[in-house]
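Enquirer: predicted model follows, preceded by the sequence.
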Amino acid sequence: SQKIEQNSEALNIQEGKTATLTCNYTNYSPAYLQWYRQDPGRGPVFLLLIRENEKEKRKERLKVTFDTTLKQSLFHITASQPADSATYLCALDKGTGANSKLTFGKGITLSVRP
Amino acid sequence: DSGVTQTPKHLITATGQRVTLRCSPRSGDLSVYWYQQSLDQGLQFLIQYYNGEERAKGNILERFSAQQFPDLHSELNLSSLELGDSALYFCASSADRNNEQFFGPGTRLTVL
């Protein structure tokens, strides 16, 4: 069956370091992948989208890579700050026809300590 | 503020009851999505509407139904509620199915 794995429940790092979050998937051929940030009790907020034919995407301190051979996406936050502490969700979509729907991973909780 | 509104913010009800959750998408967005989020299951896609028509279905129970009205707002109806239905319910909207989704603040449903 289709599965999305975000390889750890929590990641703790020191302020200023680079946080790297991993999203692995199996039995899936997504057309694109998205990363969202979610704070406790609030709705997810879109961060980045990367298509299957793109290797890397950047936005300010954020970078996402997409390796369809390894079936893996890496999400990097450089120069991390305590304000980056949140849960980060990856989401995949096959993008096939009109019946597209996002499937979310369970998320990784990032804590950045001062 | 994502521009997506959801009401009510909190809802407490008893088993066996029926509730309606409401969502207004961002101005101009034709697609509305409903998700359920519980601690053990994560964010689960329920159903999508596009310009009034059902477009995709996920893990939605038969006790649940939804619709999108001509003004594009959407309602999620949950009936014969069970304790396990307690969760956060999010609505999201997008301009196009390949675009990012904008999530509302959610409705926290507690079934006692």
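Expert: That came through fine.

Enquirer: switch to C-alpha atoms for all contacts and neighbour counts from now on
Expert: Fine.

Enquirer: tell me the spacing between residue B:88 and chain A.
Expert: 8 Å (Cα to the nearest Cα, to the nearest Å).

Enquirer: isn't that residue up against residue B:109?
Expert: Yes - Residue B:88 is within contact range of residue B:109, at 6.1 Å (criterion: Cα atoms under 8 Å).

Enquirer: which of these two has more neighbours?
Expert: Neighbour count, other Cα atoms under 10 Å in any protein chain shown: between residue B:88 and residue B:109, residue B:88 has more, with 22 against 19.

Enquirer: make sure the more buried one is indeed in a helix.
Expert: No - counting by DSSP: H, G, I helix; E, B strand; the rest coil, residue B:88 is not part of a helix but strand.

Enquirer: pairing partners for it in the sheet, please.
Expert: For residue B:88, the beta-bridge assignment (DSSP bridges) gives partners residue B:37, residue B:108.

Enquirer: I'd like the next helix or strand past the lowest-mean-pLDDT helix or strand in chain A.
Expert: In chain A, no helix or strand scores lower on mean pLDDT, DSSP states H and E than strand A:3-6, which sits at a mean of 83. Counting by DSSP states H and E, the element after strand A:3-6 in chain order, helix or strand, is strand A:10-14.

Enquirer: which elements pack onto that next one?
Expert: Applying 3 or more Cα pairs under 8 Å, 6 or more residues apart in numbering or on different chains; DSSP states H and E, one finds that strand A:10-14 contacts strand A:108-113.

Enquirer: in the strand it packs on, what's buried?
Expert: Applying a neighbour-count criterion of 16 or more other Cα atoms under 10 Å in any protein chain shown, one finds A:108, A:109, A:110, A:111, A:112 buried in strand A:108-113.

Enquirer: these two touch, right, residue B:44 and residue A:105?
Expert: No - using Cα under 8 Å, residue B:44 is not in contact with residue A:105, being 9.3 Å away.
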